[in-house]
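Asker: Turn this into a model:
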Amino acid sequence: MEVSILFNRDECIYTSCYCEENVWKLCSKLQDGGRLQQLKNVYAVFISNNTKMIPIWEQRSAEQGSFVVWDYHVILINEEAEGCHIYDLDTWLSFPSSFDDYIQKAIRDENLMQQKYHRKFRMVPGTVFLEKFASDRSHMKAANGDWLKPPPTYPCISTADASNNLADFISMDSTVGVGSVMDLDALIQRFSKR
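Answerer: Just a heads-up that it's a prediction; the model follows:
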């Protein structure tokens, strides 16, 4: 049995450099479409580390085959019994990519990397992400108030309790925020079907 494809790239709301909101919109699309069982199978995955320097290959902001160093990045993992897929609107890889293919080509092995580039992963269930995440987009403004990159055209995402808690999601301190934090080995052990 094949893993179901949740979205086609061309039907997704996308704003460059706002990966957390792009993933929030994917989760919202499932909820708004009444696809609640599928929403229960997805995770918003924040990738970062204490140095805020994480290499990721095959990102559209760099040439194919090359890498970019982000302070953080956010992807969506869809977990099903038949396998897992990763939805990353910023990748050159297929959309979606199988978990193992994405890890091999975009995340890659950390054994030859300096420790400061080792990534951690905050796994937030899709339902929790929709309920708790908020961003006023202030992290994308320069000191003079100008946008570093054009913002999405829709209103900022907020909750009844928060207007901006993005830093809690980016933090890889397991005592902060929601979800669980793991290293690459634990992520692979959890989701790889090999």
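Asker: List the contacts of the spatially most central residue of the chain.
Answerer: In the chain, the centroid-proximal residue (CA atoms, centre = their mean) is V74; its distance is 1.8 Å. The contact partners of V74, taken as CB atoms under 8 Å, 6 or more residues apart in numbering, are 19-20, 22-23, 44-47. The C-beta positions use only the backbone N, C-alpha and C, and glycine is treated the same way.
Asker: one more time with 10 Å
Answerer: By CB atoms under 10 Å, 6 or more residues apart in numbering, the contact set of V74 is 18-24, 44-48, 88-90, 122, 124, 129, 133, 166, 169-170.
Asker: which ones among the residues you listed are found in helices?
Answerer: Among these, the residues falling in helices (DSSP state H) are 19-24, 129, 166, 169-170.
Asker: Pull the most distant pair out of those.
Answerer: Farthest apart among those by CB to CB are N22 and I170. That separation is 15.1 Å.
Asker: Please verify my assumption that M113 contacts I56.
Answerer: No: here M113 lies out of contact with I56, judged by CB atoms under 10 Å, at a distance of 11.9 Å.
Asker: Look at the two and report which has more neighbours.
Answerer: Higher neighbour count among M113 and I56: I56, with 22 against 12, using other CB atoms under 10 Å.
Asker: check which helix or strand covers that one.
Answerer: Using DSSP states H and E, I56 sits within strand 54-57.
Asker: Who does the nearest residue to Y102 once chain neighbours are set aside form a beta bridge with?
Answerer: Among residues not flanking Y102 along the chain, I86 sits closest, at 4.2 Å (CB to CB, 6 or more residues apart in numbering). Bridge pairing for I86 (DSSP bridges) gives the partners I77, S97.
Asker: how close does I86 get to I47?
Answerer: Separation of I86 from I47 (CB to CB, to the nearest Å): 11 Å.
Asker: And the contacts of stretch 49-69?
Answerer: Residues contacting stretch 49-69 (CB under 10 Å, 6+ apart): 16-17, 19, 47-48, 70-73, 75, 88-93, 97, 102, 104-108, 110, 113-121, 170-173, 183.
Asker: tell me the mean pLDDT for that stretch?
Answerer: Taken as a whole, stretch 49-69 has a mean pLDDT of 96.
Asker: Buried residues of that stretch, list them for me.
Answerer: For stretch 49-69, the neighbour count (16 or more other CB atoms under 10 Å) marks 49, 53-59, 68 as buried.
Asker: could you dump those to TSV with distance to Q37?
Answerer: Converted to TSV, the buried residues of stretch 49-69 look like this (distance: CB to CB, whole Å):
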residue	distance to Q37
N49	33
M53	37
I54	32
P55	35
I56	30
W57	33
E58	30
Q59	31
V68	35
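Asker: Show me where this structure has its helices.
Answerer: Counting by DSSP H, the helices of the chain are 19-32, 36-39, 99-102, 126-132, 166-170, 184-191.
Asker: Lowest average pLDDT across these?
Answerer: Taking the mean pLDDT of these, helix 36-39 comes last: a mean of 93.
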